[in-house]
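>>> fold the following for me, if possible:
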Amino acid sequence: MDNKTLHHRGAALVQPSVLTLAAIAAFAGAARAQPTHYPKPSELPNPYRLVEGWPSLPKSMNGGRWGEVIRVHVDARGNIWVFHRCFNVVPAGSATCLGRGRANPPILEFDPSGRLLKSFGAGLFAYPHGFTIDGDGNLWVTDVNDQETILGMSARNASGVVMGQEVLKLSPEGKVLMTLGKEGVAATGPDGFDRPTSVAVAPNGNIFISDGHAPNQNGAARVVKFSKDGRFIKAWGRKGSAPGEFDEPHDIFVGGSHGWVYVADRRNSRVQVFDQEGNFIVAWKQFGQPSSVFVGKDDTIYVGASFPDPAAKKGESRGIMIGNAIEGSLKAFIPDPADLDNVIRGTSASGIGADSMGSVFAADVGAHNLRKYVKFN
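Model (predicted):
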């Protein structure tokens, strides 16, 4: 099937139904009814406490010290999966897995108590970035590397191909089940990416990928949708600041009672919301400059973000904003405990997740940490 035929076939598949349009209208109405003033992070309650000493990272792994941690998610069993940069901290903010070897695997699984259960993935990635878990327990990961050499090391794998520019589907044991994109090739068509930042999987298996980490070769800034079997369906968005446009879509999540698509549109300092056909619903500025987004089944939205704050160190405050994923109201704010004077480069809460008990997990690139929060009793 040629691209033209595929494009028309995809377009036919995504015509919204009357019910979908009605739902969008209702949602948009709720969005328009939002207040124009939102409380500052410091004006919101923080009903969470940090769980000290969680998780138990073995001393055999980098002496028990984290490097840059980019994503965290909870599976259906309640186990916590972490995607990190092989306990490395250089280059700062974009640490590489090159040369780290089998002793520093980038994928770790912990039980709720923080005990390490499993680790794998060495040699698969140069620059780990996006990560999620589908309903079948499979892992989806992205590599945003676009350099042939990093710190003088070749980014080519054992097959001689530059790692990066791809999305992998892995089994819970680490077997590669599917590859999307062309490894080592920057592209913006239906079969390629230019620094794919994150991936989300809908309950029906459809795959949504946020594409366009800044900077990138082609000015990519879009969302790409595939079927469960990896067939291209459609893409939407371009670089810009208008509704439905993006400037570094840094994270993506599909969830909540409506199954909306939530995009952390980082350089535009907003969270954009779409239906699964790519129809724009609303853009929210009240969550700050987002690096990560997660939505629970109870329609609670969690956003790892930074906020301008002249009174704070380096002119900004950081933390996790918590609100309502239907109408955008704000409920709580968990301030980042890190001292920004010790953060060389990279965001906090670069990845975020929550479990069925309401515990919140944050992955830190800048502070080199993995955090767990629980609600006060």
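>>> now find how far off-centre the helix or strand where residue 271 lies is within its chain.
Secondary structure from DSSP states H and E places residue 271 in strand 270-274. From the chain centre to the centre of strand 270-274 is a distance of 14 Å (C-alpha atoms, centre = their mean, to the nearest Å).
>>> any regions of the stretch 1-150 of the chain where pLDDT drops low?
1-36 (pLDDT under 70).
>>> residue boundaries of the helices in it?
Per DSSP state H, counting those that start in this stretch, the stretch 1-150 of the chain carries helices over the ranges 3-13, 18-32.
>>> so which residue is dead centre in this protein?
The centroid of the chain falls nearest to residue 251 when counting by C-alpha atoms, centre = their mean (3.5 Å).
>>> what packs against the helix or strand following the strand holding residue 271?
Downstream of strand 270-274, the first helix or strand assigned by DSSP H and E is strand 280-284. Applying 3 or more C-beta pairs under 8 Å, 6 or more residues apart in numbering; DSSP states H and E, one finds that strand 280-284 makes contact with helix 18-32, strand 270-274. From N, CA and C alone the C-beta is placed, and that goes for glycine too.
>>> which neighbours in the sheet does the last one have, and how are they oriented?
Using DSSP bridges, the neighbouring strands of strand 270-274 in the sheet come out as strand 260-265 (antiparallel), strand 280-284 (antiparallel).
>>> where's the last one relative to the chain centroid, distance-wise?
Here the centre of mass of C-alpha atoms in strand 280-284, compared against the chain's by C-alpha atoms, centre = their mean, lies 18 Å away.
>>> picking up where we left off before, just name the most buried of the strands paired with strand 270-274.
Comparing the strands paired with strand 270-274 by mean neighbour count (mean count of other C-beta atoms under 10 Å), strand 260-265 comes out on top with a mean of 27.
>>> flag every buried residue along stretch 122-141.
For stretch 122-141, burial by neighbour count (16 or more other C-beta atoms under 10 Å) applies to 122-134, 138-141.
>>> sorry, wrong one. I was asking about stretch 329-342.
Neighbour-count burial for stretch 329-342, counted by 16+ other C-beta under 10 Å, picks out 330, 332-336, 338, 340.
>>> can you add pLDDT and secondary structure and give those residues back as JSON lines?
Below are the buried residues of stretch 329-342 laid out as JSON lines (pLDDT from 0 to 100; DSSP: H, G, I helix; E, B strand; the rest coil):
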{"residue": "330", "pLDDT": "98", "secondary structure": "strand"}
{"residue": "332", "pLDDT": "98", "secondary structure": "strand"}
{"residue": "333", "pLDDT": "97", "secondary structure": "strand"}
{"residue": "334", "pLDDT": "97", "secondary structure": "strand"}
{"residue": "335", "pLDDT": "95", "secondary structure": "strand"}
{"residue": "336", "pLDDT": "94", "secondary structure": "coil"}
{"residue": "338", "pLDDT": "89", "secondary structure": "coil"}
{"residue": "340", "pLDDT": "85", "secondary structure": "helix"}
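>>> show me which of the residues you listed is closest to residue 61.
Of all the buried residues of stretch 329-342, residue 61 sits closest to residue 338, with 21.2 Å by C-beta to C-beta.
>>> got the phi/psi numbers for the closest one?
Backbone torsions of residue 338, given as degrees, to the nearest 10, read phi -70, psi 150.
>>> fine by me, thanks again.
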